[in-house]
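[1] All I have is the shape, not the residue letters:
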């Protein structure tokens, strides 16, 4: 019998492509993952395409993010859901809150800050739960492997330090095209998620997207030493 408290979560930007969505759906089955955090999903009239017979959560107006799952024990959290950020609660024996985020590089500074504030509010108002926020932030900082820092990266690191959070990335690049690679997809967790979350990785598999497929495990390890050590470096100045 499958343990509902142990599962794999994957995250990927599918670039508004039905083909990439369908490939992701196949990859999820291959990896045995139960939950998909999707950025830039393909949609029509706010209906997400490419994931038949799955439970799908997204904002009803121009969804730029979504959470897709084969599980039936998930409920949407509308107070922390926008077009750019989809948030759900996974009702296991120990409920977990999960957010899928897409912050386009084309949105203005005010909207970016508003979405970061929403994420910060989620971490603070729901802090008694394990919380995982993952997605394409289009932000740069050496903490998650970038060679440079931008204003967006500084804003996210300020939130991480202020709210005592942890960056799960191991420094691997998460985006690759003919111009090169970059590190723009980030996974952030709170202290309560730290003992539950492990084995963050990029998966070398055909995906149809220029974003790497990211996967991590929930409930398999008792403590995440790599993620804990990542947090120690957040206080360094760049």
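    Okay, I see it. Note that the structure is predicted; figures quoted are calculated from it, not measured.
[2] Now residue 129. Nearest residue, chain neighbours left out?
    What sits nearest to residue 129 in space, not counting adjacent residues and going by C-beta to C-beta, 6 or more residues apart in numbering, is residue 97, at 4.9 Å. Using the backbone N, CA and C atoms, a C-beta is placed for each residue, glycine as well.
[3] who's in contact with the one you found?
    77, 87-90, 122, 126, 129-132 (C-beta atoms under 8 Å, 6 or more residues apart in numbering).
[4] rerun that using 7 Å as the cut-off
    By C-beta atoms under 7 Å, 6 or more residues apart in numbering, the contact list for residue 97 reads 87, 89, 126, 129-131.
[5] Please apply the same query to residue 154.
    Residue 154 touches nothing, counting by C-beta under 7 Å, 6+ apart.
[6] That one and residue 120, how far apart?
    In this view, residue 154 and residue 120 are 14 Å apart by C-beta to C-beta, to the nearest Å.
[7] likewise residue 88?
    18 Å.
[8] Distance from the helix or strand encompassing the residue nearest to residue 129 to the middle of the chain?
    Here residue 97 sits within strand 96-102, counting by DSSP states H and E. The chain centre lies 6 Å from the centre of strand 96-102; the measure is C-alpha atoms, centre = their mean, to the nearest Å.
[9] What is the distance between the helix or strand following that strand and the centre of its chain?
    Per DSSP H and E, the first helix or strand lying C-terminal to strand 96-102 is helix 109-125. Centre-to-centre, helix 109-125 and its host chain are 15 Å apart (C-alpha atoms, centre = their mean).
[10] Pick out the residue closest to the middle of this protein.
    What sits nearest the mean C-alpha location of the chain, by C-alpha atoms, centre = their mean, is residue 134, with 1.5 Å.
[11] show me what contacts that residue?
    11, 37, 100, 187, 214.
[12] For the first one, give me phi and psi.
    The one in question is residue 11. phi -140, psi 140 (degrees, to the nearest 10).
[13] gap between the two ends of stretch 141-161?
    14 Å (C-alpha to C-alpha, to the nearest Å).
[14] Oh, that last question was meant for stretch 57-69, not what I typed.
    9 Å.
[15] Name the SS class of the nearest residue to residue 206 once chain neighbours are set aside, please.
    In this structure, residue 206 finds its nearest non-sequential neighbour in residue 23, 6.8 Å apart by C-beta to C-beta, 6+ apart. For residue 23, the secondary structure call by DSSP: H, G, I helix; E, B strand; the rest coil comes out as helix.
[16] where in the chain is pLDDT low?
    Across the chain, the ranges flagged by pLDDT under 70 are 1-4, 220-238.
[17] Let's see if you can find the most crowded of the contacts of residue 134.
    residue 100 (32 neighbours; other C-beta atoms under 10 Å).
[18] if I pick that one, what's in contact with it?
    Taking C-beta under 7 Å, 6+ apart, one finds 11, 37-39, 65-67, 86, 134-135 in contact with residue 100.
[19] Tally up the residues packed near the nearest residue to residue 177 once chain neighbours are set aside, please.
    Nearest non-adjacent residue to residue 177, counting by C-beta to C-beta, 6+ apart: residue 210, 4.5 Å away. Residue 210 sits with 16 neighbouring residues when counted by other C-beta under 10 Å.
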